[in-house]
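A.B. asks: just need the structure, nothing else, for what follows:
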Amino acid sequence: MEFKFSSSGLTGQDKTLQRFFEIIPGLTSWCVIIGMIILSFCKPIIAAMIIIAFDLYWLMRLLYMTLFLVLSYSRLSMEKKTDWMERVRGVDNIDEYRQMLDEKKPDRLKERIVLDSHIKELDRLEKSHKKPPSSKDIYQLVIIPVAKETREIVEPGIKSIAEGTFPAERILVVIALEARAKEEVKAATRSLVESYKNRFFDILEVRHPDGIAGEARAKGANTSYAARKSAEYLKEKNIPYENVIASCFDSDTVVEPDYFAGLTYYYLTFPDRERASFQPVPVYNNNIWEAPGITRVLETGSSFFQLIEATNPDKLVTFSSHSMSFKALVEIGYWPVDMISDDSAIFWKAFVHYDSDYHVVPMYLTLSMDAVVAESWWQTVVNVYKQRRRWAWGVENFPILMRAFLKSKKIPLYRKAKHAFKLFEGHIAWTTWAFLLSVIGWLPAIFATREFSHTVLYYSAPRIAGTIFHLASLSMIVSIILSLFLLPARSGKNPILKRVGYAFQWLLIPFTIIFLSAIPALDAQTRLMLGKYMTFWVTDKSRLRENGK
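C.D. replies: Numbering: from 1, shown residues only. Prediction:
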């Protein structure tokens, strides 16, 4: 029987297992935090030893991540000048194209690295003996969910798709509009369809009815409904599903000109293209200069996290805007319709459906979205908190995945253990690391007894911690430099001073990682632990000024 990737409608043992695994993450996080506080008071020597060991582990992990952040960013910057459409045409005539590449002898090291990576990807394709379809037969399906977003939010993304290097006559844009949307939103959508109807293969408006049985008020329900309607449309047009790449974009997503050309290249050259999702690097540059400092630092941190994850494809999970074979999307039954974390849940759903024979391919391409900006600084902070709590609600995948792993006899035990641990450890680290580093780490010295205060450890611990944090500052310097490179150009007065000010905003890290990262994540896990299930919250999007002016 096909496993139902859902937490609703469960009975008997399934319901019991679901509640058990819902409790585990939140309980673990609270036990770590409260346990270390109690230990710091009762046994400060033991607590200090644990804190020092954790600080050393954290430092090694931080340096490891910084190294791979630099490598990943370097690859991203190297690919910026790539002519992706030329590569796509080369895959269509791969024998002649390989001969041409073999004759190339770039002078610059950067160009040689890019060429070597490109040749390895072609080698992998040829060795697989899985001939890709012709690029001329590839169609792009772009689903854009809209609930309350205005035209000024949605149109830049649609315009960027139309103006890209991939032929727009092979792009189908579907605006997935909630039927409960306000009349002005519906009118704006109709206007958009009318304005762009001659620029694509087609542009459709699909209205998702409210109150369908079994559905939650979540983005996944809206996009799944739109995908089903798209399947009917493609069938009428006799377009094979395996020749369609489906992308689910947030309403504010703006793509670079070569994005769909690059996506097509990655799709064609990956041998198991029908069993894979394709993950770009999200950046939040649409309105980054309008955002408060705390938002800029957090959003940049999210981009960095995706860059680091891209270096380990075997553990990569889809996040935010992503793409996949439409054939696979149909086969697994589309996005979950009763979950908030649909962007990560779609990977896990496919992973379980195909008995772990499913992959995420990192793409060294960026797409840009909006940073959280509200009418006031305080409201922006509140909205960032809600957004991070919604992201942290991805912990809802853990109990479902654990039930699936217990039932499946086809998924190898090693893969079950590896992915379960990665998912669990990631959420526990999200809630606990900031507290251990910023607050709890100092408690052993505060609660020190006279006996402890006369030990070598008491005097050595602050020096050890100071050395660790001095080494860690190197990672922050690297992060600041890379974040400045990721920023878009800014017109107006004193753009250099603005960038300097942005660099100093990284000093807000201690505040942001506790109040706008760890606490929202702990909030989400606690709600899941107590059975207080969240509903989908649509992030407010606004553009205060055009192009930063």
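A.B. asks: what residues are up against residue 199?
C.D. replies: Shown here is residue 199, whose contacts under the criterion Cβ atoms under 8 Å, 6 or more residues apart in numbering are 162, 168. The C-beta positions use only the backbone N, C-alpha and C, and glycine is treated the same way.
A.B. asks: how about 10 Å then?
C.D. replies: Applying Cβ atoms under 10 Å, 6 or more residues apart in numbering to residue 199 gives the contacts 158-159, 161-163, 168-169, 171, 173.
A.B. asks: any chance of those residues in CSV, plus neighbour count and distance to residue 284?
C.D. replies: Listed next are those as CSV, based on neighbours: other Cβ atoms under 10 Å; distance: Cβ to Cβ, whole Å:
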residue, neighbour count, distance to residue 284
158, 25, 19
159, 15, 19
161, 27, 19
162, 15, 22
163, 11, 21
168, 18, 26
169, 10, 31
171, 22, 24
173, 27, 22
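A.B. asks: now the helices for the stretch 101-250 of the chain?
C.D. replies: Residue ranges of the helices in the stretch 101-250 of the chain, as given by DSSP state H, counting those that start in this stretch, are 109-128, 151-162, 183-196, 219-236.
A.B. asks: residue 97: which of those is closest?
C.D. replies: helix 109-128 (7.8 Å; Cβ to Cβ).
A.B. asks: how far off centre is that closest one?
C.D. replies: 26 Å (Cα atoms, centre = their mean, to the nearest Å).
A.B. asks: now do it, average pLDDT.
C.D. replies: Helix 109-128 shows a mean pLDDT of 92.
A.B. asks: could you do stretch 484-502 as well?
C.D. replies: 67.
A.B. asks: what is the nearest of the contacts of residue 199 to residue 143?
C.D. replies: The closest of these to residue 143 turns out to be residue 173 (Cβ to Cβ; 8.3 Å).
A.B. asks: without its sequence neighbours, what residue ends up closest to the closest one?
C.D. replies: Excluding the flanking residues, the one nearest residue 173 by Cβ to Cβ, 6 or more residues apart in numbering is residue 203, at 4.4 Å.
A.B. asks: contacting residues around that neighbour?
C.D. replies: Residue 203 neighbours (Cβ under 10 Å, 6+ apart): 142, 144, 158, 161-162, 171-175, 192-197.
A.B. asks: so the residue nearest the centre of the chain, which of the three states?
C.D. replies: Nearest to the mean C-alpha position of the chain, by Cα atoms, centre = their mean, lies residue 319 at 2.6 Å. Following DSSP: H, G, I helix; E, B strand; the rest coil, the label given to residue 319 is coil.
A.B. asks: from residue 368, how far off is it?
C.D. replies: 15 Å (Cβ to Cβ, to the nearest Å).
A.B. asks: cool, and residue 254?
C.D. replies: 5 Å.
A.B. asks: one more: residue 53?
C.D. replies: Noted for residue 53: a distance of 40 Å to residue 368, by Cβ to Cβ.
A.B. asks: which of these two has more neighbours?
C.D. replies: More crowded of residue 53 and residue 368, by other Cβ atoms under 10 Å: residue 368, with 23 against 10.
A.B. asks: the more buried one against residue 255, yeah?
C.D. replies: Yes - taking contacts as Cβ atoms under 10 Å, residue 368 lies within contact range of residue 255: 7.8 Å.
A.B. asks: overlap of the contact sets of the two?
C.D. replies: Common neighbours of residue 368 and residue 255 are listed as 157, 160, 321 (criterion: Cβ under 10 Å, 6+ apart).
A.B. asks: and the helices in the stretch 401-549 of the chain?
C.D. replies: Listed in chain order, the helices of the stretch 401-549 of the chain (DSSP H, counting those that start in this stretch) span 413-438, 443-446, 450-453, 456-486, 495-504, 509-513, 519-530.
A.B. asks: check what pLDDT residue 1 gets.
C.D. replies: Looking at residue 1, its pLDDT stands at 60.
A.B. asks: could you do the one 4 residues further on as well?
C.D. replies: According to the prediction, residue 5 has pLDDT 93.
A.B. asks: for it, give me phi and psi.
C.D. replies: In terms of degrees, to the nearest 10, the main-chain angles of residue 5 are phi -80, psi 80.
A.B. asks: give me the number of residues near it?
C.D. replies: Neighbours around residue 5, by other Cβ under 10 Å: 24.
A.B. asks: what residues are up against the residue lying closest to it once chain neighbours are set aside?
C.D. replies: Nearest residue to residue 5 in three dimensions, chain neighbours excluded: residue 349, at 4.3 Å (Cβ to Cβ, 6+ apart). Neighbouring residues of residue 349 by Cβ under 10 Å, 6+ apart: 3-6, 220, 332-336, 339, 342, 358, 397, 400-401, 404.
A.B. asks: likewise residue 146?
C.D. replies: 153-154, 175-178, 181, 185-186, 188-189, 192, 205, 208, 222, 250-251, 538.
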